Each structure stands twice: as C-alpha cells, then as structure tokens.
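Participant: Quick one, structure for this:
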Amino acid sequence: MAHINETKPEVNPQSTKKTAEEKPLYSKVSVKTLLSDPDIQAVLTKKVAVPPIVTVQSVKKPFEDKDNKDAPSIQKIHSVAGTSFADMVEVDFSLIGTTIDAEYAIHKQYRLVDYTFALDANMVGRNFAGYSATGLKLLVTKIEEVKGDNSHA
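Facilitator: Take a look at the predicted model:
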C-alpha cells in the first residue's frame, strides 16, 4: 500500500481543457456581470414578481448621452400597481431605448412587456455608495398602453 504523499492524483483530461466559456472562480466573479447573463435573467424573471400592468404617476424627462449617440435613452418612471389601496405597490423602473410622453402618460395604464433586472445603486448626492442589499432595479425595454377599461391593474 502506497503512502498518501507518494500517490499521484488522477487527472481528468476533460477537466483540464480550456473551454470557450470558462467559469470564473466564485471569489472573482463580478455579480454585476453575472446578473447581466441572459440565463440568469431568465431565472430571475421566473422567480421575481413584477406587476404586469402599472398606472403611471410621474415621468421624468428622458436622458440621452450627448457624448455617445449609440447609447439608448433612459427615462425614469414612477408608477403604482394593484386593484385597491390595500394591495397597491409602488413600481419604479427605467425605460430603456424608448420613451413615453410625460404629460399624456400620467394616470394611464401600461403593460410591462419586456424587462430585465440590474443591481440597484445607492447614490449619495451624485456619488456611488455601493449596491442595495435588497431589491433589484427594473429595466423596461418594451411597454405598451392598456386600451379600454382602465379600472383594474
């Protein structure tokens, strides 16, 4: 019987191959980058509840990067969802790559068609102060007005 220090561990040739999509070590992974992965987004969409229909309460002017014309516009929206005051929730989101008219949209209902999640940054003034420990930022890329009976959300 060989001593433990004298034996060579077996090397699995498949485990030493470099793959095109190598996984980062758990201690080196960027959570922000990981969260942007489409597979992770698909899981989040299944596991995180987002109201499908919201009533817009306030709309900020769209931000467009003057230095980078290729960057999409970003518009901050504050809305509510629910059927009564008892079950009402606030839904804040950023509209990415599209805009809605600020005056027209107030008190109108919209369906959140396509969206993703991102880390929610804590800002002190205009300075980054880390990411929020709870909650995600909702990034909506497609929204459509709900026509007809707007008495339910």
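Participant: low-scoring pLDDT stretches of this protein, where are they?
Facilitator: 1-20, 149-153 (pLDDT under 70).
Participant: can you map out the helices along it?
Facilitator: With DSSP state H as the criterion, the chain has helices at 13-16, 31-35, 38-47, 102-105.
Participant: Out of those helices, which is closest to residue 124?
Facilitator: helix 31-35 (19.0 Å; Cβ to Cβ). Every residue, glycine included, has its C-beta placed from N, CA and C.
Participant: Residues contacting the closest one, please?
Facilitator: 40, 41, 44, 117, 118, 119, 131 (Cβ atoms under 8 Å, 6 or more residues apart in numbering).
Participant: And for stretch 66-77?
Facilitator: With Cβ under 8 Å, 6+ apart as the criterion, stretch 66-77 contacts 56, 58-65, 92-100, 105, 140.
Participant: The same query, at a cut-off of 10 Å, please.
Facilitator: 54, 56-65, 91-100, 102, 105, 110, 112, 138-141, 143 (Cβ atoms under 10 Å, 6 or more residues apart in numbering).
Participant: Once you drop chain neighbours, what's closest to the spatially most central residue of the chain?
Facilitator: The residue lying closest to the centre of the chain (Cα atoms, centre = their mean) is residue 117, at 1.1 Å. Leaving aside its sequence neighbours, residue 117 sits nearest to residue 136 (Cβ to Cβ, 6 or more residues apart in numbering; 4.3 Å).
Participant: Would you enumerate the residues in contact with the nearest residue to residue 110 once chain neighbours are set aside?
Facilitator: The spatial neighbour of residue 110 that comes closest, neighbours along the chain excluded (Cβ to Cβ, 6+ apart), is residue 143 at 5.0 Å. Residues near residue 143 by Cβ under 10 Å, 6+ apart: 54, 56, 77, 93, 95, 98-100, 105, 110-115.
Participant: Just the buried ones among these, please.
Facilitator: Buried subset of the contacts of residue 143 (neighbour count, 16 or more other Cβ atoms under 10 Å): 54, 56, 77, 93, 95, 99, 100, 105, 110, 112, 115.
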